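*Asks:* structure of the sequence below:
(4 chains)
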Amino acid sequence: MAPRIASSAADAVAEIKDGSTVLIGGFGNAGQPMELIDALMECGATDLTVVNNNAGQADAGLALLIKERRVKKIICSFPRQSDSWHFDEAYRAGEIELELVPQGNLAERIRAAGAGIGGFFTPTGYGTLLAEGKETRVIDGKGYVLETPINADFALIKALTADTMGNLVYRKTARNFGPIMATAAKQAIVQVDEVVEAGNLDPENVITPGIYVDTVVALGGNK
Amino acid sequence: MAPRIASSAADAVAEIKDGSTVLIGGFGNAGQPMELIDALMECGATDLTVVNNNAGQADAGLALLIKERRVKKIICSFPRQSDSWHFDEAYRAGEIELELVPQGNLAERIRAAGAGIGGFFTPTGYGTLLAEGKETRVIDGKGYVLETPINADFALIKALTADTMGNLVYRKTARNFGPIMATAAKQAIVQVDEVVEAGNLDPENVITPGIYVDTVVALGGNK
Amino acid sequence: MSNYSSTQEKLSRDEMAQKVAADIPSGAFVNLGIGQPTNVSNFLTNEQGVTLHTENGMLGMGPVATGEDIDEDLINAGKIPVTELPGASFFHHADSFAMMRGGHLDVCVLGAFQVSEAGDLANWHTGAEGAIPAVGGAMDLAIGAKQTWVMMSLFTKTGESKLVEALSYPVTGLGCVSRIYTEVAIFELRDSKVFVRSAHGISFEELQSKVSVELTKA
Amino acid sequence: MSNYSSTQEKLSRDEMAQKVAADIPSGAFVNLGIGQPTNVSNFLTNEQGVTLHTENGMLGMGPVATGEDIDEDLINAGKIPVTELPGASFFHHADSFAMMRGGHLDVCVLGAFQVSEAGDLANWHTGAEGAIPAVGGAMDLAIGAKQTWVMMSLFTKTGESKLVEALSYPVTGLGCVSRIYTEVAIFELRDSKVFVRSAHGISFEELQSKVSVELTKA
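*Replies:* Numbering: from 1, shown residues only, chains lettered A, B, ... in the order given. Alright, predicted model coming up:
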C-alpha cells in the first residue's frame, strides 16, 4: 500500500495509543525525528515502551516524554549522558524501567524483528553483566549470547526524501537506525524534508523500500 | 587496505588453492562472475566447496567445474534445472556432495558469517526434510530451525563499478548475492566493468563498502 | 447466509488467474511464484496498484521485457527478463528474503503438489526415488507472506485429490496456506475447516465425494 | 634478542597517541573510541592510508568539521561534527555493527578502567552504587576488531595499577585486548604473557614492583 501522506506531524502520530512500543530513530541529533517526537508528546499517549540509542538529552524531545513519565520502559544502549537529567531523575526514582543493550545487539535485534528471525547468537556481551540470565553457547570455541528480536508497534524515523510509494533515502550519518526500525514496526511513520513523485528516486539508491513505510509527513528542511 | 587491482581474471583468482570454500555470486546469468569462474577453471584449483544459488547450467562456468569434478561439495538452493546435466550426472554418480538450503536461509547464513553471528533461528524449513537433524525451537508458538553461518575463503562476485578504495555499486537484479558474499569471505574477488577514482561514487549510494573487497579486476562491459 | 456460488463450467487457467487477481487487495505487495501464478500479473489492473516482489531482489517489477527492453541484469525469479516500474527498488538477497520472512508481503501465490486441510503445503519435492531435490525460495515464500494462496489443478492425472487430510509428499511449509484456487473449486482454509467458496462445473456433493477432507459451503 | 626499549621521560598524551598511530598498519580500517583514542587520528599520516570507521554508520571519516563544514547530519560516535573523505560510504546501524562484529576492522583503540593479564577489558561501568550504566558500542568494539588496543594511564589516582590479574570492574569483553599504551609503558599481551615493549620514565624493575602481574621484557 502506498503510504498515507499525513498533513502534519500531529496527524502522522495520531494512531499511537497508550501502551505502544515505539522505536525512535536517531543517533545524537542526526536522524532524530524531532517533530514526530514533539507530536507524540502532544498527542498524549502514555505508558510507552521506547527504543532509542539514548534516553533523551536536555529539555527536548524524548527527554520531555520521560520527564512527563509517559515512558514506562526504555530499551537503549547509552542512557547516561551529561544532559540526560530527566532520565537520570526518573531512573533514580524507580519510575522508568531500563533495558540496557549493547548498541550492536540493539541494532541486530531490531533487524531480526524486521527479518523474521526468532533469535540469534551474538558474541557481543558474552561474559558480561548484560548477558546475565540469558542463554549462552560456545560455538567453535567462542562464546555467544542468545538475543531476541525487538518488535514494535510504531517506528518514528527521519529520512531526507520519500517518493509517493514510500521509498526513502537518507542523508549521511542521519541514516543510522532508520532503515532497520522501518522494518521492525507494524507502522513506520517517517518525517522527510520532501515527498517526490514515484520514479524520481533511482531504484539503485533506495535505502528503505516503500513496503516498510506506512505514513509520511513532509516538513520541509534547510538542506 | 585498498584492494589489489588485478591485471586479469586469471591474476585475480591466482591465490585460490585446492580445498577452498568459494562463494560464487549470481542468480541465473545476472550477477554471475563468468570470467572469474572461467579463470578458476583455468587455474586448476580442485577439491572445492562451492556456494551458489544453483549448481551450474549448460556447458559453461560452474557447470564445467562440476563436469571436471573440481567441486567436491556444493551448497545451493536450486541444483536441478533443465540444463543442469553436469551436476545431475555427478550427483547420481555420488561424485559431488549436495547441501540443499532454502534460498532465504542460504542468504541469511552468508550474511550471518559476514556479520559475526554464531547462528540464528529461522522459521523457513521448520517441519521439513531440510530441517532434519537440526536443532529446532518453538518461540511464541512458532517453529524455528537453528541455522549456522557459511564462512568462506573466497567470494567471486560481479559488480558494475568499483572505486580505487574497493567501494562497489551493482546493476539492477545483478546485485543479488554479491553484497552478502563480499562480507562472508576472507577474500572477496570482484569483477567489474570499470574502476573509477575514489570520490567518483556517491557515498550515499555505495552498496558494498571497500572494507569487504580484496581484489578487483576491470573487464570492461557493454552497459 | 451463504457466500457459496457455482458455475456450470470449469475455470480455464486464465479464469483461475483472473479470480486470484481480483482477490488481491488494492495496494498489496505480492510475490507470484514461478509457473501458473506468474500468469496472475496479466490480470492485475492499474487501479489495484499492486506492487510485485521478486525474490532475486526487486520491488516494483513490471511486465516481461520484450525487444530492446530485454536486459540480462533485470530478471525475475524464473530468470525471465522483466521491466521495472516507477517507484521500483533493488536490494540484495538477504534483504529480499528478510522482506519475505519478516511477513512484509501481503500475498504470495504458489503452485502445489498437495495441500492438507490444515494448510500444510507440499510443492518442492516429489520424494520420488532418484529425484534430485531443489527448493529455491519455495520454503521461504510458503511461510513468509501474510497470506499464502495456492493455484493448482484439484486432481492428479490419475484422479486423486491434491487437497488431502495429510500430505504424502514432503512438506514445504506447515499451516501456511489459506486459499486454494483450482479449476473446479475455490477453497478457503480457516477456523480449522475447509470452506468451498465456489464450485465450477461440479456440484458441491460431487466435489465432496471426490475429496477426502470434510468440506463446508462458505 | 630483546626489542625492549626505554626513555627517561613519561609519554605525554600526544606522544601516546603518536605511538599508537605509528603502530597502525598502512591501509588499515580502524575504529577510534571516544576520548583519548580519538586523538590518534591527529597523528595518522596520509601515506598510511588508514580508513576510519565510525559506529554510527560511516567509513572514510575525515577530520573534525569546523566553520562552514559543520553539518549536523555528519557526526562521529562522540556526536562531534566531522567530515567525509573521498571514497567514504554510509550504511545503517545493523550494517555498521555487522562490520564490527564480523571482524572486518583491523584495529580498534579504546580507553579502559582496567585490563587483565588475559586481555579482559573493563571500560563501560564502574559498578559503583547508584551509577547509571551506559554501554553504547563498547562491548561490540571490544570483541569485534581483529586487534583491540587500549590507551589508558597505568595507575589510578590512588596509585593502583589498572593492569590487573583479574578485573574488579564489570567486564566489557573477555580476552580481547592485545596491546596497552600507557604513559609509562607499552604492553603486548600474547602467548598468555604480558610483555613490556617499552618503559618511559620508569625502570623495568620499578614497573614490575608496581604492577601485580608478571611482566616480561619484549
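
*Asks:* which stretches of chain C have low pLDDT?
*Replies:* By pLDDT under 70, the low-scoring segments of chain C are C:1.

*Asks:* ok, whichever residue of it sits closest to chain B - contacts?
*Replies:* Residue nearest to chain B within chain C (CB to the nearest CB): residue C:97, separated by 3.1 Å. Glycine gets a C-beta too; all of them are placed from N, C-alpha and C. Shown in contact with residue C:97 (CB atoms under 8 Å, 6 or more residues apart in numbering or on different chains): B:103-104, B:107-108, C:55, C:137, C:140, C:144.

*Asks:* tell me the first helix or strand C-terminal of the longest helix belonging to chain C.
*Replies:* When chain C is parsed with DSSP state H, its longest helix is helix C:13-23. Following helix C:13-23 in sequence order, the next helix or strand is strand C:29-32 (DSSP states H and E).

*Asks:* which strands and helices sit next to the helix or strand just after that following strand?
*Replies:* Next helix or strand after strand C:29-32 toward the C-terminus (DSSP H and E): strand C:51-54. Applying 3 or more CB pairs under 8 Å, 6 or more residues apart in numbering or on different chains; DSSP states H and E, we find strand C:51-54 packed against strand C:29-32, strand C:58-64, helix C:93-101.

*Asks:* now do the helices in chain C.
*Replies:* For chain C, the helices defined by DSSP H cover C:13-23, C:93-101, C:138-144, C:204-210.

*Asks:* tell me which of those is the most buried.
*Replies:* Mean neighbour count (mean count of other CB atoms under 10 Å in any protein chain shown) peaks for helix C:138-144 among these, with a mean of 31.

*Asks:* residues from chain A in reach of chain C?
*Replies:* With CB under 8 Å from any CB of the partner chain as the criterion, chain A comes near chain C at residues A:1-2, A:111, A:113-117, A:163-165, A:167, A:183, A:197-199, A:201, A:203-204, A:206, A:209-212.

*Asks:* quick one, which of those residues are buried?
*Replies:* Using 16 or more other CB atoms under 10 Å in any protein chain shown as the burial test, the residues of chain A next to chain C include A:1-2, A:111, A:113-117, A:163-165, A:167, A:183, A:198-199, A:201, A:203-204, A:206, A:209-212 as buried.

*Asks:* filter the residues you listed down to the ones in helices?
*Replies:* Per DSSP H, those map to helices at A:111, A:113-115, A:183.

*Asks:* contacts only, for the closest residue to residue A:48 other than its chain neighbours.
*Replies:* Closest residue to residue A:48 apart from its sequence neighbours, by CB to CB, 6 or more residues apart in numbering or on different chains: residue A:71 at 5.1 Å. Taking CB under 8 Å, 6+ apart as the criterion, residue A:71 is in contact with A:48-50, A:62, A:65, A:90, A:96.

*Asks:* point out where chain A drops to low pLDDT.
*Replies:* Using pLDDT under 70, chain A drops low at A:221-223.

*Asks:* where exactly do the helices run in it?
*Replies:* Secondary structure of chain A, counting by DSSP H: helices at A:9-12, A:34-43, A:62-67, A:85-92, A:103-115, A:178-184.

*Asks:* so which of the ones you listed comes closest to residue B:58?
*Replies:* helix A:103-115 (34.2 Å; CB to CB).

*Asks:* how far off centre is the closest one?
*Replies:* 11 Å (CA atoms, centre = their mean, to the nearest Å).

*Asks:* just checking it against chain B, any contact.
*Replies:* Yes: legend: contact between helix A:103-115 and chain B by CB under 8 Å from any CB is shown at A:108, A:112, A:115.

*Asks:* do stretch A:213-223 as well
*Replies:* No: applying CB under 8 Å from any CB, one finds stretch A:213-223 out of contact with chain B, separated by at least 12.6 Å.

*Asks:* in that stretch, what counts as buried?
*Replies:* Under the neighbour-count criterion of 16+ other CB under 10 Å, stretch A:213-223 has A:213-219 buried.

*Asks:* got CSV for those residues, with distance to residue C:215 too?
*Replies:* Output for the buried residues of stretch A:213-223, formatted as CSV (distance: CB to CB, whole Å):
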residue, distance to residue C:215
A:213, 41
A:214, 38
A:215, 42
A:216, 45
A:217, 49
A:218, 52
A:219, 55
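
*Asks:* what's the most distant pair in these?
*Replies:* Spanning the widest gap among the buried residues of stretch A:213-223 are A:214 and A:219, at 16.9 Å by CB to CB.

*Asks:* which one of the ones in helices among the buried ones among the residues of chain A next to chain C is nearest to residue C:192?
*Replies:* residue A:113 (29.0 Å).

*Asks:* tell me who's in contact with the closest one.
*Replies:* A:149-152, A:183-184, C:102.

*Asks:* with adjacent residues omitted, what lies nearest to residue C:179?
*Replies:* Residue C:179 sits nearest to residue C:149 (CB to CB, 6+ apart), 4.3 Å away.

*Asks:* how close does residue C:64 sit to residue C:52?
*Replies:* Distance from residue C:64 to residue C:52, counting by CB to CB, to the nearest Å: 12 Å.

*Asks:* what's the burial count for residue 82?
*Replies:* In the absence of a named chain, this looks at chain A. 7 (other CB atoms under 10 Å in any protein chain shown).

*Asks:* try chain C instead
*Replies:* The tally of other residues near residue C:82 (other CB under 10 Å) stands at 24.

*Asks:* tell me the contacts of it?
*Replies:* C:54, C:61-65, C:74-76.

*Asks:* how about 6 Å then?
*Replies:* C:61, C:64-65, C:76 (CB atoms under 6 Å, 6 or more residues apart in numbering or on different chains).

*Asks:* kindly report the same for residue C:212.
*Replies:* Counting by CB under 6 Å, 6+ apart, residue C:212 makes contact with residue C:165.

*Asks:* before we move on, what about the one 5 residues further on?
*Replies:* Going by CB under 6 Å, 6+ apart, residue C:217 touches C:2, C:4, C:196.

*Asks:* most surrounded residue in the residues you listed?
*Replies:* Most neighbours among the contacts of residue C:217, by other CB under 10 Å: residue C:196, with 22 neighbours.

*Asks:* identify the bridge partners of that residue.
*Replies:* Beta-bridge partners for residue C:196, by DSSP bridges, are residue C:187, residue C:217.

*Asks:* hmm, it is touching residue C:215, no?
*Replies:* Yes: with contact defined as CB atoms under 6 Å, residue C:196 reaches residue C:215; the gap is 5.2 Å.

*Asks:* C-alpha coordinates for stretch C:74-88, CSV please?
*Replies:* The C-alpha coordinates for stretch C:74-88 follow below in CSV (Å, rounded to 0.1, in the frame of the first residue of the first chain):
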residue,chain,number,x,y,z
LEU,C,74,16.9,-7.4,-14.9
ILE,C,75,15.2,-10.7,-14.5
ASN,C,76,12.5,-12.3,-12.3
ALA,C,77,12.7,-15.4,-10.1
GLY,C,78,12.1,-17.6,-13.2
LYS,C,79,15.1,-16.0,-14.8
ILE,C,80,12.9,-14.3,-17.4
PRO,C,81,13.8,-10.7,-18.4
VAL,C,82,11.3,-8.2,-16.9
THR,C,83,10.9,-4.5,-16.7
GLU,C,84,10.9,-2.0,-13.8
LEU,C,85,8.1,0.4,-12.9
PRO,C,86,8.3,3.9,-11.4
GLY,C,87,8.9,3.6,-7.7
ALA,C,88,10.9,0.3,-8.0
